[in-house]
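[1] Following is a predicted model, sequence given first.
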Amino acid sequence: MVEELVVAGTAALTGCVAYAMAAARVVKQYERGVVLRLGRLRREVRSPGFTLIVPAIDRMYKVNMQIVTMPVPAQEGITRDNVTVRVDAVVYFRVVDAVNAVVEVEDYRFAVSQMAQTSLRSIIGKSDLDDLLSNREKLNQGLELMIDSPAVGWGVQIDRVEIKDVSLPEAMKRSMARQAEADRERRARVINADAELQASKKLAEAAGEMSKQPAALQLRLLQTVVAVAAEKNSTLVLPFPVELLRFLERAQQPGPADQAAAPKPEVTAGGTAPESVPLDVASGSGAPEGSDASDLSAAPGVRGGLPVPGATEEPTDVAGPTEGQVQEQRGAPPAEEPFGSEAPPPTTHTAAG
């Protein structure tokens with residue numbers, strides 16, 4: 001009898017241990033337990049710690065309440081300005097309602113992943129390439145709202161969505177590089193032109209100050225020489241002032257006093273100035289170079305190699321004058337002397353007595 005009691009007690013104890021082991025559950029701190037009894041939801045969510053359920057009747061689902069980091073696979077799409085891009089992102093979410101996460105959706109992780117991919121493709125089609133590259137914060141907010149709207153009913157809260165990378169075609173990368181280079185070149189030219197304008201204004205002010213004090217220009221010249229010599233060069237460059245060239249140019253031009261002292265040509269009675277005949281100082285004759293003095297002295301109207309004033313050269317006729325011309329010369333009155341001409345004084349001969 002005693003043995004039977006011992007066996008029965010041992011069996012009961014073993015059954016209790018087995019039941020306790022089957023009914024005992026441990027919920028971790030970052031988890032919540034949702035119990036379904038005979039398929040019906042128990043509204044009581046099991047807190048972290050030790051808990052018991054009815055074996056073979058209750059079934060408990062543990063839901064992780066931590067923040068989940070889910071990468072979104074890269075999606076290819078065409079932007080609003082017809083550029084093909086490849087964009088990938090990452091989603092940060094967590095479960096805030098364990099009951100809805102178990103009851104309302106079969107697999108909330110897979111659901112969030114698919115919703116993130118479709119929302120990302122939709123954002124790519126609505127945005128420009130410049131927005132994808134420079135205005136990502138606004139796109140992240142729009143993507144977060146698109147994913148969070150259906151996820152609220154699943155007991156899931158989207159904490160953050162980030163566009164991780166935007167891949168462009170190689171042709172588009174080269175085009176953007178040329179555009180950036182051209183923009184940098186334009187900005188460099190504008191800055192250089194602005195610097196030249198400011199420097200020209202400062203140089204104009206410096207020139208105005210130096211014009212008041214001419215010695216300042218010489219001091220500036222000496223400073224330039226010192227600056228060049230400080231480089232230990234074997235060649236020394238001295239700037240030549242432009243004012244010195246202008247001074248030499250003014251010195252070569254004849255002044256008003258030189259023009260007044262220049263000899264004026266003589267004017268004959270006929271109103272024309274006689275041509276100047278160069279004199280040969282060595283020979284004392286007035287014959288021009290390359291001519292014979294004897295030929296000039298034999299010419300009519302020339303005396304001693306010099307032209308005689310008032311003497312005219314009469315043309316000679318080889319055939320001689322006709323008879324009518326001789327009679328006309330005999331009966332004609334003497335020709336009047338031209339104005340301003342003087343007749344040669346009569347020559348008187350005296351006999352020695």
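    That came through, no problem.

[2] which stretches of the stretch 101-250 of the chain aren't confidently modelled?
    231-242, 244 (pLDDT under 70).

[3] need the helices for it, in chain order.
    Using DSSP state H, counting those that start in this stretch, the helices found in the stretch 101-250 of the chain span residues 108-126, 129-134, 136-151, 170-212, 214-229, 242-252.

[4] would you turn the ones you listed into JSON lines with distance to residue 47 and mean neighbour count?
    (Glycine included, C-beta is placed from N, CA and C.) Formatted as JSON lines, those follow (distance: least, Cβ to Cβ, whole Å; neighbours: other Cβ atoms under 10 Å):
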{"stretch": "helix 108-126", "distance to residue 47": "21", "mean neighbour count": "18"}
{"stretch": "helix 129-134", "distance to residue 47": "45", "mean neighbour count": "15"}
{"stretch": "helix 136-151", "distance to residue 47": "24", "mean neighbour count": "17"}
{"stretch": "helix 170-212", "distance to residue 47": "55", "mean neighbour count": "10"}
{"stretch": "helix 214-229", "distance to residue 47": "85", "mean neighbour count": "12"}
{"stretch": "helix 242-252", "distance to residue 47": "97", "mean neighbour count": "9"}
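
[5] Include distance to residue 100 when you put those helices into JSON lines, please.
    JSON lines is the format used below for the helices of the stretch 101-250 of the chain (distance: least, Cβ to Cβ, whole Å):
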{"stretch": "helix 108-126", "distance to residue 100": "9"}
{"stretch": "helix 129-134", "distance to residue 100": "34"}
{"stretch": "helix 136-151", "distance to residue 100": "10"}
{"stretch": "helix 170-212", "distance to residue 100": "44"}
{"stretch": "helix 214-229", "distance to residue 100": "82"}
{"stretch": "helix 242-252", "distance to residue 100": "91"}
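
[6] Of all these, which one is nearest residue 18?
    helix 108-126 (34.4 Å; Cβ to Cβ).

[7] ok and the closest one relative to helix 136-151, angle-wise?
    Here helix 108-126 runs at 140 degrees with respect to helix 136-151, directions being taken by axes from the mean of the first three to the mean of the last three Cα atoms, to 10 degrees.
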